[in-house]
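Participant: sharing a sequence plus its predicted fold:
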Amino acid sequence: MKRQIDLGLVEFRDDHTEPPFRKAHIRPIPQEVEAENPDEDTEGDEELATQVRGSYFYKQSQVSVRQLRELFGKKNVFNNPKDTEEIAKLLRYVSPGGTDFIALDFFAGSGTTAEAVLRLNAEDGGQRRFILVQIPQPIDPKKQSEAHSLVTATLGKPEATIFEITAERIRRAGAQLKAQHPALDTGFRVFTLADDPEALILQKPLADATQADMAALQIAIATPQPDQLPCILYNLLLAEGLPLSTRIEALRDQALFRAGEVLFILSAVDTEDLRTLLSEQNAAGTRIQHLSVYAPWVHDDNFLLGTQTLLESLGLSEDKLRLRG
């Protein structure tokens, strides 16, 4: 029986009155391992975790400054960036042996955490992901002239904010790593919290709404609007319990989209066309398990009934058809 404890790993005998088989530190000390049992297979001990880190350490900050300057063409775009190598070590430390986790950084700054995650994945083929949060903090054109020029002149952004530095750092670091590791996934998505006057919601307190307001809202919700398509798709991801990082593939323009094992239906299509598509996906080894219909845009009852019949003919139960919205 093995037990993981703070100092490392202890492997007990069946008879607990006898001494343990082995005691291993979080990172085994070679001399101790040899002394305990020179014939014992210790392969994999190094994967238990990294050595316990001290409460502080010293390292020249110019290392990370120089790396970031080189990434941005010798320009000084961010003061005091975190050290990519040290962040990568920290991520390994808190996830011993883990290659599939989400690193959350609420103060993204220059985006060091994202680059560290990408570098770790490049090293061992891991599937680590990151979520970065960075407010659009304005860049002072006098105090940070190079950063301001990069965002406005080089990137062509109307407003110079720290967020643009964060996103561009991830793009550039990802491109460098992609060139060395073509199979590496360096993609990421950007979301913003913003007031949306075009959102399909009632724009006034319910107590002040009239019947005409409600009727207008109902018409707006039921009328397909191409500009709202990205928002609808991401809301469907959330409704289906899928990560926002899930790849969305358009199978039929403005109508059918695939996300994982779910088919999003945003417009009624010919059921025979739908049958062909499902058969093609199945033949390709990418079977679709659920159909998620955005009900406000799909009003054809005959299509819904035909889709239920289609599912039955394919051996799928009715609960595989979900109405969302």
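Facilitator: Nice, thanks for sending it over. Numbering: from 1, shown residues only.
Participant: could you use CA atoms for every contact and neighbour count after this?
Facilitator: Fine.
Participant: where does pLDDT dip in the protein?
Facilitator: 1-10, 20-56, 196-200 (pLDDT under 70).
Participant: the helices in it, which residues?
Facilitator: Along the chain, counting by DSSP state H, helices occupy 30-36, 62-71, 84-94, 112-124, 145-149, 162-180, 211-222, 229-239, 271-283, 301-313.
Participant: quick one: closest of those helices to G260.
Facilitator: Of all the helices of the chain, it is helix 229-239 that lies closest to G260, at 9.7 Å by Cα to Cα.
Participant: could I get the closest one in CSV with only the CA atoms?
Facilitator: The C-alpha coordinates for helix 229-239 follow below in CSV (Å, rounded to 0.1, in the frame of the first residue of the first chain):
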residue,chain,number,x,y,z
LEU,A,229,-24.3,34.7,-34.6
PRO,A,230,-21.0,34.6,-32.6
CYS,A,231,-22.9,35.5,-29.4
ILE,A,232,-25.5,32.8,-30.0
LEU,A,233,-22.9,30.2,-30.7
TYR,A,234,-20.9,30.9,-27.5
ASN,A,235,-24.1,30.9,-25.5
LEU,A,236,-25.0,27.5,-27.0
LEU,A,237,-21.5,26.3,-25.9
LEU,A,238,-22.4,27.3,-22.3
ALA,A,239,-25.8,25.8,-22.5
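Participant: what are the buried residues along it?
Facilitator: L233, Y234, N235, L236, L237 (16 or more other Cα atoms under 10 Å).
Participant: one more: stretch 243-260?
Facilitator: Buried, per 16+ other Cα under 10 Å, within stretch 243-260: L244, I248, L256, F257, R258, A259, G260.
Participant: and H148, how far from G109?
Facilitator: From H148 over to G109 the distance is 15 Å, taken as Cα to Cα, to the nearest Å.
Participant: what about the residue nearest to Q144 when sequence neighbours are not counted, how many neighbours?
Facilitator: The spatial neighbour of Q144 that comes closest, neighbours along the chain excluded (Cα to Cα, 6 or more residues apart in numbering), is V77 at 7.2 Å. Residues lying near V77 (other Cα atoms under 10 Å) number 25.
Participant: for V77, give its distance to F106.
Facilitator: 20 Å.
Participant: what do you get for Q281?
Facilitator: Relative to F106, and taking Cα to Cα, Q281 is found at 39 Å.
Participant: state the distance from P182 to G125.
Facilitator: 11 Å.
Participant: just D208 next, same as before
Facilitator: Counting by Cα to Cα, the gap from D208 to G125 is 56 Å.
Participant: check K157 too.
Facilitator: Applying Cα to Cα, the value for K157 to G125 is 34 Å.
Participant: can I see the domain layout of this protein?
Facilitator: The chain breaks down by automatic domain parsing into domains covering 2-47, 62-180, 225-324.
Participant: please identify the most buried of those domains.
Facilitator: domain 62-180 (a mean of 17; mean count of other Cα atoms under 10 Å).
Participant: and that domain, how far from the chain's centre?
Facilitator: How far domain 62-180 lies from its chain's middle: 15 Å, per Cα atoms, centre = their mean, to the nearest Å.
Participant: OK, contacts around the residue positioned nearest the centre of the chain?
Facilitator: Note on the chain: the residue nearest the mean C-alpha position is S245, at 4.4 Å, using Cα atoms, centre = their mean. Applying Cα atoms under 8 Å, 6 or more residues apart in numbering, we find S245 in contact with F188, R189.
Participant: please look at N76 and R69 and confirm they touch.
Facilitator: Yes: counting by Cα atoms under 8 Å, R69 is a contact partner of N76 at 5.5 Å.
Participant: shared neighbours of those two, anything?
Facilitator: Contacts common to N76 and R69, judged by Cα under 8 Å, 6+ apart, are absent.
Participant: can you pull the contacts of N76?
Facilitator: L68, R69, E146, A147.
Participant: please report phi then psi for the closest residue to the last one other than its chain neighbours.
Facilitator: Counting by Cα to Cα, 6+ apart, the nearest residue to A147 once its immediate chain neighbours are dropped is V77, at 4.2 Å. Backbone torsions for V77, taken as degrees, to the nearest 10, come to phi -110, psi -10.
Participant: ok, now which ones touch V77?
Facilitator: Taking Cα under 8 Å, 6+ apart as the test, what V77 contacts is R69, Q144, E146, A147, H148, L150, I165.
Participant: in TSV, list the residues you listed along with distance to L274.
Facilitator: Below are those laid out as TSV (distance: Cα to Cα, whole Å):
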residue	distance to L274
R69	52
Q144	55
E146	54
A147	51
H148	51
L150	48
I165	44
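Participant: and those residues, which two are the farthest apart?
Facilitator: Within these, R69 and H148 form the most distant pair, 14.5 Å apart (Cα to Cα).
Participant: just give the nearest non-adjacent residue to A114, would you?
Facilitator: F130 (6.1 Å).
Participant: and A295, how close does it get to L310?
Facilitator: A295 is 18 Å from L310, by Cα to Cα.
Participant: most remote residue from the protein's center?
Facilitator: T17 (48.8 Å).
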